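**Student:** below: sequence and its predicted model.
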Amino acid sequence: MSDLKNILFLPHGAPTFALDCGAAGAAISKVAREFKTPRAVLCISPHWETRIPTVGTAVQLETIYDFYGFDDRLYKIKYPATGCPELAGEVRKSFKIKGLECLEDPTRGLDHGAWIPLRQLYPDANVPVVPISLPERARPEQAYKIGEALAEFADQGILILASGNLTHNLGDYGQIKMLGGKTPTYVQAFADWLNEMLCKGDVDSLINYRSISKEAIRAHPSEEHLMPLFVAMGAAGKGAKAKAFYRGISDYVLAMDGYVFQS
């Protein structure tokens, strides 16, 4: 792929994705080879939400197990990445220039939305990582502006990693698992609509997705798992086009699509 920006939207799936990465995990590992090893990673996960956007400034990042009731093997996985306080400081400066508030957290580690895809990208944990939170109950416009504040770093050899899922309805997952059934039609339909808009670079339709797509609300009863996509879009800029490097569904309701961004 030519003219790739240092921006990725990756799925992190269920925590079990760390144990059985399947085709989606293989695709993430493969796409990592399309990029030069970055100086550092700025990582946005829907599993870290704060009132005001916050950057992690820890030197050594704890592996956070922000889930319960899963296979014991998951709680033994470590992703011993180092942080980069200097880069975190530069992120705060960029936010300020863009008129956005930004705080710092000297203790924050990596939740599963961060360390699961990072393990696929850089299994040796040899690239420094700066976690960045999403605002609580963020809207697409807010997430897009955060991406705009991060855009300059993609031109400095730093990878912007936005981790989420294109569909995420755990209520439907619970019912299907308990009662039996198959993937609801809205899952593929919504992922297909997003793919069409992303390939066109139709930012306005994507930002207004909730009023345009009839599948949107069921695909995302709450919006946090889609917000990292808007961060990636904002970082890529309005002239950029997205290209899927993997498309697929896991656990009935999780679209595991991953995207790169091109000039």
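**Tutor:** It's in.
**Student:** residue 24 versus residue 141, what's the distance?
**Tutor:** 29 Å (Cβ to Cβ, to the nearest Å). (C-beta placed from N, C-alpha, C; glycine too.)
**Student:** quick one: which of the two has more around it?
**Tutor:** residue 24 (24 against 12; other Cβ atoms under 10 Å).
**Student:** the more buried one: what's it in contact with?
**Tutor:** Contact partners of residue 24, counting by Cβ atoms under 8 Å, 6 or more residues apart in numbering, are 11, 13, 17, 246, 248, 250, 256, 258.
**Student:** who wins for most neighbours among the residues you listed?
**Tutor:** Busiest of the contacts of residue 24 [other Cβ under 10 Å] is residue 11, holding 28 neighbours.
**Student:** helices of the chain, start to end?
**Tutor:** 22-32, 85-97, 112-121, 140-154, 170-179, 185-200, 203-207, 209-212, 216-219, 227-236 (DSSP state H).
**Student:** how far off centre is the second one?
**Tutor:** Going back to what we said before, that points to helix 85-97. Relative to the mean C-alpha coordinate of its chain, helix 85-97 is positioned 20 Å out (Cα atoms, centre = their mean, to the nearest Å).
**Student:** that helix packs against which elements?
**Tutor:** Counting contacts by 3 or more Cβ pairs under 8 Å, 6 or more residues apart in numbering; DSSP states H and E, helix 85-97 packs against strand 40-50, strand 54-56, strand 129-135, helix 140-154.
**Student:** which one of the contacts of residue 24 is nearest residue 132?
**Tutor:** Within those, the smallest distance to residue 132 is 18.3 Å, found for residue 11 (Cβ to Cβ).
**Student:** what's near enough to touch the residue lying closest to that closest one once chain neighbours are set aside?
**Tutor:** Nearest non-adjacent residue to residue 11, counting by Cβ to Cβ, 6 or more residues apart in numbering: residue 256, 4.1 Å away. Residue 256 makes contact with 11, 13, 24, 165, 246, 247, 248, 249, 250, according to Cβ under 8 Å, 6+ apart.
**Student:** same check, this time on residue 152
**Tutor:** Residue 152 sits next to residue 94 when contact means Cβ under 8 Å, 6+ apart.
**Student:** quick revisit: so which of the contacts of residue 256 sit within strands?
**Tutor:** Residues of these located in strands (DSSP state E): 11, 246, 249, 250.
**Student:** what pLDDT does the last one get?
**Tutor:** The predicted structure scores residue 250 at 96 on the pLDDT scale.
**Student:** pretty sure residue 125 is touching residue 63, no?
**Tutor:** No. Counting by Cβ atoms under 8 Å, residue 125 stays clear of residue 63, with 9.6 Å between them.
**Student:** what touches both of the two?
**Tutor:** By Cβ under 8 Å, 6+ apart, residue 125 and residue 63 have these common neighbours: 79, 80.
**Student:** remind me which residues of this structure are low pLDDT?
**Tutor:** For the chain, applying pLDDT under 70 flags the ranges 1-2.
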